[in-house]
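Engineer: pasting the structure only:
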């Protein structure tokens, strides 16, 4: 028989995983939302506006996030750089590739992360990671097929998005190192400061890079305003609150598998709302990639 304690623990885990699935769903919509936004604004200026608005909203939710200690900024600087670079590559990449491909290729960080950790720790990755990596990269080849022909149409946007996945892997490794410190072991105050720091960094650093790497341009529309508000409030603030509150109530492996659904959801939304289409071969590639991501988390 199942005890009341076990039922309570199961119920708590199911509630947590439901909210994490909601988080992955919101993340999955961001590829379509960003694709729409980029019709009205240049990529780096878009990042500046999105993360500046998100910073203000987050600071409103968590006023105790201020002040941010200088020591936290210095220790988090490598993490901040990888976080920013990931968004830059992903957003510019979306100008050259589809939202469905962007979501799936971004998911490659699930493969890169354990391989990177193994490299840094000077140990051989488990066999499952090698199998999963092969599945993901064969799937990526099939995903970029030109129609039904076995000729890859891997473009510049796909390449930038793959770099985004690599940056996110470095980011996750740095995040794990930083949050393992004693200062993060009690309460959420330090973690909230770190989240706000990431949002502020992306918003502020995007401004000079926008003038250096592009000709900043914005065509105001209510569509753009609503998209940026949605991305700032839901994809930055609310998802952070949900992930921070509920990820601890399930296992890391189960959470990671739930977050893989971001890639699936991005494809569904891209097909439904942007009219994007994948060939039969590309759908097989997408399924192979997702299977490989799940295998990697089970290894």
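Structural biologist: That came through fine. Since the model is a prediction, treat every value here as computed from it, not as a measurement.
Engineer: low-confidence ranges in the stretch 1-150 of the chain?
Structural biologist: For the stretch 1-150 of the chain, the stretches with pLDDT under 70 are 1-10, 146-150.
Engineer: check contacts around the nearest residue to residue 133 once chain neighbours are set aside.
Structural biologist: Leaving out its chain neighbours, the residue that sits closest to residue 133 by CB to CB, 6 or more residues apart in numbering is residue 111, at 5.2 Å. Where you see a C-beta, it was placed from the backbone N, CA and C, and this is true even at glycine. By CB atoms under 8 Å, 6 or more residues apart in numbering, residue 111 lies in contact with 129, 132-133, 136, 292-293, 296.
Engineer: show me where this structure has helices.
Structural biologist: 4-37, 43-61, 70-93, 99-106, 109-120, 127-143, 156-179, 189-213, 222-230, 239-246, 252-273, 280-298 (DSSP state H).
Engineer: for those helices, which one ends up most surrounded?
Structural biologist: Comparing the helices of the chain by mean neighbour count (mean count of other CB atoms under 10 Å), helix 99-106 ranks first with a mean of 27.
Engineer: for residue 196, state which of the contacts of residue 111 is nearest.
Structural biologist: residue 293 (29.7 Å; CB to CB).
Engineer: the closest one contacts residue 107, correct?
Structural biologist: Yes - Residue 293 lies in contact with residue 107 (CB atoms under 8 Å); the separation is 5.6 Å.
Engineer: mutual contacts of those two, please.
Structural biologist: 260, 263.
Engineer: quick one: contacts for the nearest residue to residue 224 once chain neighbours are set aside?
Structural biologist: Ranked by CB to CB, 6+ apart and with sequence neighbours excluded, the top spatial neighbour of residue 224 is residue 40, at 4.2 Å. Contacts for residue 40 (CB under 8 Å, 6+ apart) come out as 218-221, 223-224.
Engineer: could you work out the most separated pair of those?
Structural biologist: So, the contacts of residue 40 by CB to CB: farthest apart are 218 and 223, at 12.5 Å.
Engineer: so the residue nearest to residue 133 versus residue 170, what's the distance?
Structural biologist: 13 Å (CB to CB, to the nearest Å).
Engineer: what's the neighbour count on residue 64?
Structural biologist: 10 (other CB atoms under 10 Å).
Engineer: any idea which of the contacts of residue 40 is least confident?
Structural biologist: Note: of these, the lowest pLDDT belongs to residue 220, at 89.
Engineer: not counting its neighbours along the chain, what's nearest that one?
Structural biologist: residue 40 (7.5 Å).
Engineer: go on, residue 291?
Structural biologist: Nearest to residue 291 is residue 135, by CB to CB, 6+ apart, at 6.0 Å.
Engineer: what's the one you found in contact with, if anything?
Structural biologist: 288-289, 291-292, 295.
Engineer: if you set the cut-off to 7 Å instead, what comes out?
Structural biologist: By CB atoms under 7 Å, 6 or more residues apart in numbering, the contact set of residue 135 is 288, 291-292, 295.
Engineer: how much space between it and residue 184?
Structural biologist: Taken as CB to CB, the span from residue 135 to residue 184 is 34 Å.
Engineer: for residue 127, same thing?
Structural biologist: 33 Å.
Engineer: ok, now residue 296?
Structural biologist: From residue 296 to residue 184 the distance is 26 Å (CB to CB).
Engineer: equivalent analysis for residue 94, please.
Structural biologist: 32 Å.
Engineer: tell me which of these two has more neighbours.
Structural biologist: Neighbours of residue 94 and residue 184, each counted by other CB under 10 Å, are more numerous for residue 94; the result is 25 against 15.
Engineer: just checking, the more buried one touches residue 39?
Structural biologist: No - counting by CB atoms under 7 Å, residue 39 is not a contact partner of residue 94; they are 10.8 Å apart.
Engineer: next up, the contacts around residue 242.
Structural biologist: Residue 242 neighbours (CB under 7 Å, 6+ apart): 19, 22-23.
Engineer: how about 10 Å then?
Structural biologist: For residue 242, the contact set (CB atoms under 10 Å, 6 or more residues apart in numbering) comprises 16, 19-20, 22-23, 26, 234.
Engineer: just residue 207 next, same as before
Structural biologist: Residue 207 sits in contact with 44-45, 47-49, 52, 216, where contact means CB under 10 Å, 6+ apart.
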